[in-house]
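Novice: missing the sequence, but the structure's below:
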Ligand code: CA
């Protein structure tokens, strides 16, 4: 290499480094879909090896009481990307796939983490499932992401031969949305790979292209959500699992794990490992019927028992967050946004106040105590509420039932201790009522009200 070229390369490298230092660390959020709490090695899974996902845990921290803000896909994602309880803006149902309805998705009054990081000079990309509205104005490219590769709906067929619909705007229902061709930006692509492998490939490509800039990658695998579909390459790893559902589910998780390995390797290769926060979590608890396992937890996807809202959740930031840590105080997916924002070198204003907390000082020991005094949930259609205190007391309410659990001594939520702690019940009920004052009723009819929606629109 001649000296002039070397000089130019050094200059551009140092400029890139300065640009990065000025803005803040890179951010990668890897989210799986309908994965059970106990389906990763770091939470004790025995029959599905997840060596790469476990690398995040061993290089960083496992949140053993890591929660999402809602027990199903779409509102959970709305919470994550806005850093706010989505019930504050009426996002409490799974959206219907209706490209003609701008109200059917994430309100344009809300700002996303991608909006804010984009403003701060980050390269931003969504790879995978969107599920925050199919209307053109709600498209990821209109919600802060400069790049998009994936699909707009709530789930998808996994093999390219099933992708027969070219125009995602022509579809009016969920089964159709599962068959749309993938999009790159707004353009239809003729993808040839198994969907999970395609997502991993595009994520790695984004990291390659942005190694010298600050970046935010939001990688949302639709696996292991139904339909259960995996190629022989992954199925063959689990021929020893007799249960067909579980073995296919395992193959789907294994494909994700391979992808996570490629992403972590790329971070090392590009020298960005210490300069990147990597989060891994599921969007809600395992629904069980897809072969998932929530281990000892009671409940499943949709429920406000721990099995619905406590998820596999880990984070690494080598050199800053201690390796091999298990953090057991309750945290929530909303904390990722606040954590990231706190690392930016220049303060950036958000449109609305965030509900999350910067977790880093709690992990480094700079702050003691708990990030949250209490976390809250409401599931409007089920008339169900929950609140979880930092000391592990959990209030669960549905209709006229009010129950108090101590997750520390009774993680299965089997023993009601409400009668022994009447003052605590009154206090937590009041906290829930106070929290609810800041919420709105659901802003749109959802997947469970499809018929009512069709009727209301005269369709
Ligand atoms: Ca989900």
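Specialist: That came through fine. Computed from a prediction, not measured in an experiment: that's the story for all the values here.
Novice: my guess is residue 343 contacts residue 360. True?
Specialist: Yes - when contacts are counted by Cβ atoms under 8 Å, residue 343 is listed as touching residue 360 (7.2 Å). Where C-beta positions appear, they are placed from N, C-alpha and C, glycine not excepted.
Novice: the two - which one has more neighbours?
Specialist: residue 360 (19 against 16; other Cβ atoms under 10 Å).
Novice: what residues does the more buried one make contact with?
Specialist: By Cβ atoms under 8 Å, 6 or more residues apart in numbering, residue 360 lies in contact with 317, 320, 321, 339, 342, 343, 366.
Novice: try 6 Å
Specialist: Contacts for residue 360 (Cβ atoms under 6 Å, 6 or more residues apart in numbering) come out as residue 339.
Novice: same deal with residue 263?
Specialist: With contacts defined as Cβ under 6 Å, 6+ apart, the neighbours of residue 263 are residue 203.
Novice: so residue 27: helix, strand or coil?
Specialist: strand (DSSP: H, G, I helix; E, B strand; the rest coil).
Novice: again with the one 10 residues further on
Specialist: Three states are possible here, and by three-state DSSP the one that applies to residue 37 is coil.
Novice: quick one: it and residue 310 touch, right?
Specialist: Yes - using Cβ atoms under 6 Å, residue 37 is in contact with residue 310, at 5.5 Å.
Novice: and for the helix or strand hosting residue 378, what are the contacting residues?
Specialist: Residue 378 is part of strand 374-379, with elements assigned from DSSP states H and E. With contact meaning Cβ under 6 Å, 6+ apart, strand 374-379 is reached by 87, 304, 330, 332, 385, 386, 387, 388, 389, 431, 435.
Novice: and those as TSV, adding neighbour count?
Specialist: Below are the contacts of strand 374-379 laid out as TSV (neighbours: other Cβ atoms under 10 Å):
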residue	neighbour count
87	26
304	23
330	24
332	27
385	22
386	27
387	22
388	26
389	20
431	16
435	20
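Novice: can you check the pLDDT for the closest residue to residue 456 other than its chain neighbours?
Specialist: Once flanking residues are discounted, residue 456 sits nearest to residue 445: 6.9 Å by Cβ to Cβ, 6 or more residues apart in numbering. In this model, residue 445 is scored at 97, pLDDT.
Novice: helix/strand/coil for residue 445?
Specialist: Once three-state DSSP is applied, residue 445 turns out coil.
Novice: test my guess that it contacts residue 455.
Specialist: No - Residue 445 lies out of contact with residue 455 (Cβ under 6 Å); the separation is 9.7 Å.
Novice: neighbour count for these two, which is higher?
Specialist: Neighbours per residue, other Cβ under 10 Å: of residue 445 and residue 455, the larger number sits with residue 445, 22 against 11.
Novice: from the ion, how far out is that one?
Specialist: 19 Å (Cβ to the ion, to the nearest Å).
Novice: and for residue 397?
Specialist: 24 Å.
Novice: doesn't that residue lie inside a helix?
Specialist: No - judged by three-state DSSP, residue 397 forms no part of a helix; its state is strand.
Novice: pLDDT score for the residue of the stretch 301-450 of the chain found nearest the ion?
Specialist: Nearest residue of the stretch 301-450 of the chain to the ion, counting by Cβ to the ion: residue 301, 6.5 Å away. Residue 301 is assigned 98 on the pLDDT scale.
Novice: please apply the same query to residue 8.
Specialist: Residue 8 is given a pLDDT of 55.
Novice: cool, residue 354 as well?
Specialist: Value for residue 354, per-residue pLDDT: 98.
Novice: who touches it in this structure?
Specialist: So residue 354 contacts 83, 337, 338 (Cβ under 6 Å, 6+ apart).
Novice: tell me the SS of it?
Specialist: coil.
Novice: excluding its backbone neighbours, what's nearest it?
Specialist: Counting by Cβ to Cβ, 6+ apart, the residue nearest residue 354 is residue 83, at 4.1 Å.
Novice: same question, residue 312
Specialist: Per Cβ to Cβ, 6+ apart, closest to residue 312 is residue 40, 4.4 Å.
Novice: got a list of what the residue in the chain that the ion sits nearest to touches?
Specialist: For the chain and the ion, the shortest gap (Cβ to the ion) falls at residue 73, measuring 3.5 Å. Contact analysis of residue 73 by Cβ under 6 Å, 6+ apart lists 131, 154, 283.
Novice: now render these as a markdown table, adding pLDDT, distance to the ion and neighbour count.
Specialist: Formatted as a markdown table, the contacts of residue 73 follow (pLDDT from 0 to 100; distance: Cβ to the ion, whole Å; neighbours: other Cβ atoms under 10 Å):
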| residue | pLDDT | distance to the ion | neighbour count |
| --- | --- | --- | --- |
| 131 | 98 | 8 | 28 |
| 154 | 97 | 8 | 25 |
| 283 | 98 | 4 | 29 |
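Novice: any idea how far the residue nearest to residue 312 is from residue 184?
Specialist: Counting by Cβ to Cβ, to the nearest Å, the separation of residue 40 from residue 184 is 30 Å.
Novice: equivalent analysis for residue 355, please.
Specialist: 33 Å.
Novice: those two: which is more packed in?
Specialist: Between residue 355 and residue 184, counted using other Cβ under 10 Å, residue 355 has the larger neighbour count: 23 against 13.
Novice: near the ion, which residues of the stretch 1-150 of the chain?
Specialist: With Cβ under 5 Å from the ion as the criterion, the stretch 1-150 of the chain meets the ion at residues 33, 34, 73.
Novice: residue 219 is in contact with residue 33, correct?
Specialist: No - counting by Cβ under 6 Å, residue 33 stays clear of residue 219, with 11.5 Å between them.
Novice: and the strands in the stretch 51-200 of the chain?
Specialist: 61-63, 66-67, 123-129, 147-151, 183-184, 187-188 (DSSP state E, counting those that start in this stretch).
Novice: looking at these, which is buried most?
Specialist: strand 66-67 (a mean of 28; mean count of other Cβ atoms under 10 Å).
Novice: returning to what we had before: do I have it right that the residue of the stretch 301-450 of the chain closest to the ion meets residue 290?
Specialist: No - the pair residue 301 / residue 290 is not scored as a contact, 8.8 Å apart, by Cβ under 6 Å.
Novice: neighbour count for the two, which is higher?
Specialist: residue 301 (25 against 22).
Novice: three-state assignment of the closest residue to the more buried one other than its chain neighbours?
Specialist: In this structure, residue 301 finds its nearest non-sequential neighbour in residue 287, 3.8 Å apart by Cβ to Cβ, 6+ apart. Using three-state DSSP, the structure places residue 287 in coil.
Novice: who's in contact with residue 287?
Specialist: 34, 300, 301.
Novice: contact residues of the stretch 251-400 of the chain facing the ion?
Specialist: So far as Cβ under 5 Å from the ion goes, the stretch 251-400 of the chain lies against the ion at 283, 284.
Novice: now the strands for the stretch 251-400 of the chain?
Specialist: 276-282, 313-316, 325-327, 331-332, 374-379, 384-389, 393-398.
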